[in-house]
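Participant: how does the following fold in three dimensions:
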Amino acid sequence: MEKLFQDAHSIIEDSIRKVLPESAVKSVLEKVSFSGGIYVAAVGKAAWKMAAACEETMGDQIRRGIVLTKYSHSEGPLKHFEILEAGHPVPDENSVKGTQQILEMVSTLKEGDTLLFLLSGGGSALFEKPEEGLTLGDIQEATELCLACGAHISEINTLRKRFSAVKGGKFAKLCEPAKIVEIILSDVVGDRLDMIASGPACADTSTCADALRIVEKYHLPFRKELLDALKKETPDRVENVEVHVTGSVSEFCRAAAQAAEELGYAPYILSTSVDCEARELGKYMASVARTISQEKACAFKRPCAVICGGETVVTLQGKGRGGRNQEIALSAALGIEGMQNLLIFSVSSDGTDGPTDAAGGIADGGMVERLRKKGLSAERLLAENDSYRALEQAGGLLKTGATGTNVNDITVLLFP
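Facilitator: Numbering: from 1, shown residues only. Sure, this is the predicted structure:
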């Protein structure tokens, strides 16, 4: 089993390294032509690395730059950038202050100038200015309600666009008449441009009717001010933006497949668009493991690595602590209890899974028994959404630290 755990960590390290944004940003910049003054705004969990790549490529061409990223995601000063950090997944005062500094910078842009907008996942919380009539407290409350109810990220972002003065194409309008060259590191399944960081520089494809249906679907107890904001349409046309998408969960899955193959496993990518409850994916991956172990005619031939990519959700039912990848691992542990010589791991590319210091979790067939010997019930911990405690007690937490990228999650079954 020690070799199996080593292989898992090697796959995680190699696949994350291959989806870091530096080379992707540089390749786009080599193809783009700029005019006038060049200003740079980098927003998201990968903002620092994207800005560093930009600085290395463009140097003194940059008149001014601002990085707005999550706490602890900066890696030090950059010559041409102010480095700002703020809250995620719920915006805080620094989100608003950092956004205001970016707005002040773009307010000086003239026709012929260019804003290089480097956008990555996490931007929905980090880049925020409440719409007129709303407060930061309103948005914080709405965000927490959305995260707790199990809504899909695209549904949450449909609402966020209407609560914000910079999302849903509104930021692009504020930059007119200057041109925006936007480089996006995608963390949204299917790479929907208007959903990545809630589409600050993209025309909005959602409508007020869509937003109100989401409120009804999840019975969200929004106050009148929030409901009124949902009745205001967002820009459906944006004409001053040139968009380049780089990086995605598909690339993350392919990187994991290549890393696994180099270690001697036959890689099978089942899906790059997983979108379900975290615990359901854990159960499914465990069922795949049981099928491989029992069926001689199974399509997956050992040794194998079965890979899924995407972004699951957690509907909070308890008061525990964890994240979607940790919940996948704990759920999978229940399904592979007693099975020998295999493991299932799930990891977030950005290194932070939910409001924890873990990137995800890793489970083997002995995890449930190890918890039982400590007087803990894996079933009860899962019911309480207390996956962090479960994995911590069973030696199953994965910790990478902030990685500087953000292209969703992968879940992998390793079966020698």
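
Participant: which SS state does the closest residue to residue 77 other than its chain neighbours fall under?
Facilitator: Closest residue in space to residue 77, ignoring its immediate chain neighbours: residue 83 at 6.5 Å, by CB to CB, 6 or more residues apart in numbering. Every C-beta, even on glycine, is put in place using the N, C-alpha and C of the backbone. Secondary structure, DSSP: H, G, I helix; E, B strand; the rest coil: residue 83 is strand.

Participant: before we move on, what about residue 55?
Facilitator: helix.

Participant: report the contact partners of residue 255.
Facilitator: Shown in contact with residue 255 (CB atoms under 8 Å, 6 or more residues apart in numbering): 14, 15, 16, 18, 19.

Participant: which ones among those lie within strands?
Facilitator: With strands taken from DSSP state E, there is no overlap with the contacts of residue 255.

Participant: quick revisit: and the residue nearest to residue 77, how many neighbours?
Facilitator: Per other CB atoms under 10 Å, the neighbour tally for residue 83 reads 20.

Participant: one step back: and of the contacts of residue 255, the nearest to residue 248?
Facilitator: When the contacts of residue 255 are compared for distance to residue 248 (CB to CB), residue 19 wins out at 8.4 Å.

Participant: might you report the residue contacts of the closest one?
Facilitator: Counting by CB under 8 Å, 6+ apart, residue 19 has contacts 247, 251, 252, 255, 349, 405, 407.

Participant: one more: residue 46?
Facilitator: 21, 69, 120, 121, 185, 350, 404, 405, 406.

Participant: just grab the bridge partners of the fifth one for me.
Facilitator: In this entry, residue 185 is beta-bridged to residue 120, by DSSP bridges.

Participant: wait, it touches residue 21, no?
Facilitator: Yes. At 5.2 Å, residue 185 and residue 21 qualify as touching, with contact defined as CB atoms under 8 Å.

Participant: okay, the two: which has more neighbours?
Facilitator: residue 185 (30 against 26).

Participant: wait, what's in contact with the more buried one?
Facilitator: 21, 24, 44, 46, 50, 119-121, 246-247, 405-407.

Participant: tell me how far it lies from residue 373.
Facilitator: Residue 185 sits at a distance of 43 Å from residue 373 (criterion: CB to CB, to the nearest Å).

Participant: could you list the buried residues of the lowest-mean-pLDDT helix or strand in the chain?
Facilitator: Of all helical and strand segments in the chain, the minimum by mean pLDDT, DSSP states H and E falls on helix 22-29, at a mean of 87. By 16 or more other CB atoms under 10 Å, the buried positions in helix 22-29 come out as 22, 24, 25, 28, 29.

Participant: quick one: the residue nearest to residue 77 from residue 55, how far?
Facilitator: With CB to CB as the criterion, residue 83 and residue 55 are 12 Å apart.

Participant: cool, residue 292 as well?
Facilitator: Here residue 292 is placed at a distance of 47 Å from residue 55 (CB to CB).

Participant: still on that earlier bit, just the buried residues of helix 22-29 now: which is nearest residue 225?
Facilitator: residue 25 (38.8 Å).

Participant: just give the nearest non-adjacent residue to that closest one, would you?
Facilitator: Nearest one to residue 25, counting by CB to CB, 6+ apart, is residue 53 at 4.0 Å.

Participant: the one you found reaches residue 27, doesn't it?
Facilitator: No. At 9.6 Å, residue 53 does not count as touching residue 27 under the criterion of CB under 8 Å.

Participant: pull up the overlap in contacts between those two.
Facilitator: Among the neighbours of residue 53, none is also in contact with residue 27 (CB under 8 Å, 6+ apart).

Participant: distance check, the residue lying farthest from the centre of the chain against residue 12.
Facilitator: Distance from the C-alpha centroid of the chain peaks at residue 296, with 37.6 Å (CA atoms, centre = their mean). Applying CB to CB, the value for residue 296 to residue 12 is 31 Å.

Participant: what pLDDT does residue 62 get?
Facilitator: pLDDT recorded at residue 62 is 96.

Participant: which one is residue 200 nearest to, not counting chain neighbours?
Facilitator: Using CB to CB, 6+ apart and skipping residues adjacent in sequence, the residue nearest residue 200 is residue 171, 3.7 Å away.
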